[in-house]
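K.L.:
show me the folded form of this:
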Amino acid sequence: MRNGLKVLLGLSALLLFAILLFAWQQLYAKHSVSEVSLVVSSGESSYAVARDLEKKGVIDSARLFRLAARLNDKATKIKAGEYAFSGEMSIMDVLDKLVAGDVQLHHITIPEGLRTQEVLRILAEHTKSSQSDWQAVLKVVLKGEEQEGRLLPETYTYTKPIRPKEMLNSMVDAQRLILKSINPQSEKELRIMASIIEKETSLDKERPLVSAAIHNRLRLGMPLQMDPTVIYGIWKRDGVFSGNIHRQDLKSDTPWNTYTRRGLPPTPICNPGAASLRAAANPADVSYVYFVADGSGGHAFASTLEEHQANVKKWVRLERKGLQRKQSQRKHSK
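P.N.:
Predicted coordinates for the structure are as follows:
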């Protein structure tokens, strides 16, 4: 009887060992996963996570996953977020990834020179959310302050689910860091000047020269007469801009029209990049007060009206030649 009991116990132990060995092998056995994405919500149970993983083919057994999570005291340590699974993975690999919070990273690039509404539209489209919601969150982030010109154009990294307040705070704080390194007398004036520089040129080498022209005009009491400020004023007044600025637009007064009003406009006209912010604080040591397009993508700068008028004539000639060339090309294409 005792011998039979010993044999039975031995067989039971052997069977238990075999079961544990099989389970261990299954936990660490790798199988191929092809580009599967899974979003784990905050507070989601390990049971629900295991079910979704099995349904998507990331793991073979939800039951084994739950067992491994409980035995390793990880059932309540799975972190929320969006996860990407691919390649050869075991159940333990998947569990470790979820516990480590190795979430999928997303990137979004905000170009320089966009109005705040344009930035918010990009964020809304990129994250498939509402622009009005982003607008409301930005109002909270800035505590009701002016929204134009406060977001630093840059490439930002985020995880899902998207947190608008966190994202906008990072964009506002990124600009604050730039301003802290510059330490201007007036952050508001610097933002306004930087926004005009951003709209006037896309060439880094020209930014300090445009900055010098702005500083010199302000010092001499000259109106800035910068076309982008006129365009912004039209947009603020009408909600749209045709894309072409006309002579009558220069005479149409708005708070942002630097042809009809002296000094800086009341707010920035776009969100300037770091280069323009630094250029606004560090103008070139030149006497330029005029500049006009030179036909090569840059500008011709001048210190006197005579020099500027000569540069304008050159630009007009180039414009006419370009127009004639286009008309000739249209004729030949017919």
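K.L.:
so residue 98 lies in a helix, does it not?
P.N.:
Yes: Residue 98: assigned to a helix according to DSSP: H, G, I helix; E, B strand; the rest coil.
K.L.:
so the closest residue to it other than its chain neighbours: helix, strand or coil?
P.N.:
Spatial nearest neighbour of residue 98, chain neighbours left out: residue 78 (4.5 Å); criterion: C-beta to C-beta, 6 or more residues apart in numbering. To be clear about C-beta, it is placed using only N, CA and C from the backbone, and glycine gets the same treatment. Put simply, residue 78 is coil when judged by three-state DSSP.
K.L.:
what's the burial count for residue 78?
P.N.:
By other C-beta atoms under 10 Å, the residues close to residue 78 number 21.
K.L.:
how about it, phi and psi?
P.N.:
Here is the backbone geometry of residue 78 (degrees, to the nearest 10): phi -70, psi 130.
K.L.:
one more: residue 302?
P.N.:
According to degrees, to the nearest 10, residue 302 has phi -150, psi 150.
K.L.:
before we move on, back to that, so what's the residue nearest to residue 98 up against?
P.N.:
Counting by C-beta atoms under 8 Å, 6 or more residues apart in numbering, residue 78 makes contact with 40, 44, 46, 49, 69, 95, 98-99.
K.L.:
which one among those gets closest to residue 316?
P.N.:
Nearest to residue 316, judged by C-beta to C-beta, of these is residue 40 at 62.7 Å.
K.L.:
distance of the nearest residue to that closest one once chain neighbours are set aside from residue 38?
P.N.:
Once flanking residues are discounted, residue 40 sits nearest to residue 80: 5.1 Å by C-beta to C-beta, 6+ apart. Residue 80 is 11 Å from residue 38, where distance means C-beta to C-beta, to the nearest Å.
K.L.:
in the stretch 101-250 of the chain, which spans are strands?
P.N.:
For the stretch 101-250 of the chain, the strands defined by DSSP state E, counting those that start in this stretch cover 106-109, 155-158.
K.L.:
and those strands as TSV, adding distance to residue 182 and mean pLDDT?
P.N.:
TSV is the format used below for the strands of the stretch 101-250 of the chain (distance: least, C-beta to C-beta, whole Å; pLDDT from 0 to 100):
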stretch	distance to residue 182	mean pLDDT
strand 106-109	23	93
strand 155-158	21	92
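K.L.:
confidence score at residue 120?
P.N.:
If you check residue 120, the pLDDT there is 97.
K.L.:
kindly apply the preceding question to residue 330 instead.
P.N.:
pLDDT, residue 330: 51.
K.L.:
what do you get for the one 4 residues further on?
P.N.:
We note a pLDDT of 49 for residue 334 in this prediction.
K.L.:
ditto for residue 86
P.N.:
Taking residue 86 on its own, its pLDDT is 85.
K.L.:
so the closest residue to it other than its chain neighbours, which of the three states?
P.N.:
Closest residue in space to residue 86, ignoring its immediate chain neighbours: residue 35 at 5.0 Å, by C-beta to C-beta, 6+ apart. Following three-state DSSP, the label given to residue 35 is strand.
K.L.:
still on that earlier bit, and the strands of the stretch 101-250 of the chain as CSV, adding mean neighbour count and distance to residue 125?
P.N.:
Output for the strands of the stretch 101-250 of the chain, formatted as CSV (neighbours: other C-beta atoms under 10 Å; distance: least, C-beta to C-beta, whole Å):
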stretch, mean neighbour count, distance to residue 125
strand 106-109, 12, 10
strand 155-158, 13, 14
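K.L.:
now render the ones you listed as JSON lines, adding distance to residue 195.
P.N.:
Formatted as JSON lines, those follow (distance: least, C-beta to C-beta, whole Å):
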{"stretch": "strand 106-109", "distance to residue 195": "19"}
{"stretch": "strand 155-158", "distance to residue 195": "20"}
